[in-house]
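**Student:** I would like to see how this sequence folds:
(2 chains)
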Amino acid sequence: MEPRILQVRTRILKDNDKVARDLRRRFDDAGVFVVSLVSSPGAGKTTFLQKTLTLLRPSLRVAALVGDLATDNDAKRLQESGAPVRQIVTGTVCHLEAAMVERSLDGWALDELDILFIENVGNLVCPASYDLGEHLRLVLLSTTEGEDKPLKYPTIFNTADIAIITKTDMAAAAEFDRTAAVAAIQSVRPGMEVLEVSARTGAGMDAWLTYLKSRRDVIGERTGAGRIGAGQITT
Amino acid sequence: MHELSVAMSLIDVITEEMIRNHAAGALSVTVEIGALSGVVPEALQTAFTIATRGTELADTTLRIDVVKVAVRCNACQAVREAVSQSDIRCAVCGTASTDVVRGRELDVVAMEIDDGTPNPPGPDTHSEG
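**Tutor:** Numbering: from 1, shown residues only, chains lettered A, B, ... in the order given. Next up is the predicted model:
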């Protein structure tokens, strides 16, 4: 019999997309605002998140999931903030997928949380293709990396909602060209908001928490995540 | 390298379509990969070859169509190709755009399937009765 041609239009990652959609609905129903972080290895995700959790803890119920290839070092560091932290060991997988997030939530009472952070595996390529059900995706770029990183990894910058330049306390030593970095970000994602922080000195953290609060209010009002009555962020 | 994960998902999609269409085999599969999808076509090709080795899809040809980034340009009031995947401006007038309309695809768009043996075996002529 002659072969026949089937015309289809099916997302290759449709299974991941479905789990991510279900997760987002679950987060919305529980009123938890979910923020994911992506960056290259060593850009300072864990330090930034540790500081963020510590600053938010007095007034908000925060928690974190952290993806790591092999160790639980990052999870231990984040636990120092006092927030509940769970580790997702991905083994040889270089990115988080929605199903991994779903499995790691087992037994967690999401409605007792205000904000859940998901720290992806340090990698600027692979995490870009996978929706995790998050409401907000941050991409971090440190002053010790090349300013042209966004041009080399356009997908991850284009799929993120905000870029955060980290380690600003080291900018002078690294001869970081701020103008070039911001121009590269604007080239791959025109109009993207850029914040600059040093988790070590605390510089810029107020502006970041203000941004986080405003996004939580805007998105939460639409979806139910961060609804009125849930904790308020004080900066 | 997440192309192996993507290849495994692709195999799942192909297998589902084959079952749905009662296909015995797939001669070829065509996928669209956007320039902003995060997937490298050559790496996906290699991953697909490795992942299908020794399976019923071992001889299936994977055709990859790369989709260039296109944006809605407010200045031109039209959908235009972008300068490149790392320069999201209208290639015609140079205006930056926040509205990417093509280039994120990661889709199966066509399959060439084989319906298997031409005819079911006829009734056994040697049977009694």
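
**Student:** so A:Leu105 versus chain B, what's the distance?
**Tutor:** According to Cβ to the nearest Cβ, to the nearest Å, A:Leu105 and chain B sit 21 Å apart. Glycine gets a C-beta too; all of them are placed from N, C-alpha and C.

**Student:** report how many residues lie close to that residue.
**Tutor:** Taking other Cβ atoms under 10 Å in any protein chain shown as the criterion, the count of residues near A:Leu105 is 17.

**Student:** and B:Ala24, by the same measure?
**Tutor:** 12.

**Student:** isn't it up against B:Asp114?
**Tutor:** Yes - the pair B:Ala24 and B:Asp114 qualifies as a contact (Cβ atoms under 8 Å) at a distance of 5.3 Å.

**Student:** would you mind pulling up the elements that the longest helix anywhere in chain B packs against?
**Tutor:** Longest among the helix segments of chain B by residue count, using DSSP state H, is helix B:3-20. The contact analysis (3 or more Cβ pairs under 8 Å, 6 or more residues apart in numbering or on different chains; DSSP states H and E) places helix B:3-20 against strand A:4-11, helix A:14-30, strand B:25-34, helix B:41-52, strand B:106-114.

**Student:** which one of the ones you listed lies closest to A:Arg86?
**Tutor:** Between A:Arg86 and the helices and strands packed on helix B:3-20, the tightest spacing by Cβ to Cβ is seen for helix A:14-30, at 14.7 Å.

**Student:** ok, back up a step: overlap in contacts of B:Ala24 and B:Asp114?
**Tutor:** Residues touching both B:Ala24 and B:Asp114 (Cβ atoms under 8 Å, 6 or more residues apart in numbering or on different chains): none.

**Student:** picking that back up, so how far is the longest helix of chain B off the chain centroid?
**Tutor:** 10 Å (Cα atoms, centre = their mean, to the nearest Å).

**Student:** only the buried residues of it, if you could.
**Tutor:** Neighbour counts over helix B:3-20 (16 or more other Cβ atoms under 10 Å in any protein chain shown) mark B:Glu3, B:Leu4, B:Ser5, B:Val6, B:Ala7, B:Ser9, B:Leu10, B:Ile11, B:Val13, B:Ile14, B:Glu17, B:Met18 as buried.

**Student:** dump those residues into CSV; add pLDDT as well.
**Tutor:** Output for the buried residues of helix B:3-20, formatted as CSV (pLDDT from 0 to 100):
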residue, pLDDT
B:Glu3, 91
B:Leu4, 92
B:Ser5, 93
B:Val6, 96
B:Ala7, 97
B:Ser9, 96
B:Leu10, 98
B:Ile11, 98
B:Val13, 97
B:Ile14, 97
B:Glu17, 95
B:Met18, 95
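
**Student:** which phi and psi does B:Thr95 have?
**Tutor:** When read as degrees, to the nearest 10, the backbone of B:Thr95 gives phi -80, psi 130.

**Student:** what is the helix or strand bottoming out on mean pLDDT in chain A packed up against?
**Tutor:** Counting by mean pLDDT, DSSP states H and E, chain A has its least confident helix or strand at helix A:73-79, which shows a mean of 88. Counting contacts by 3+ Cβ pairs under 8 Å, 6+ apart, helix A:73-79 packs against helix A:45-56, strand A:62-68, strand A:85-89.
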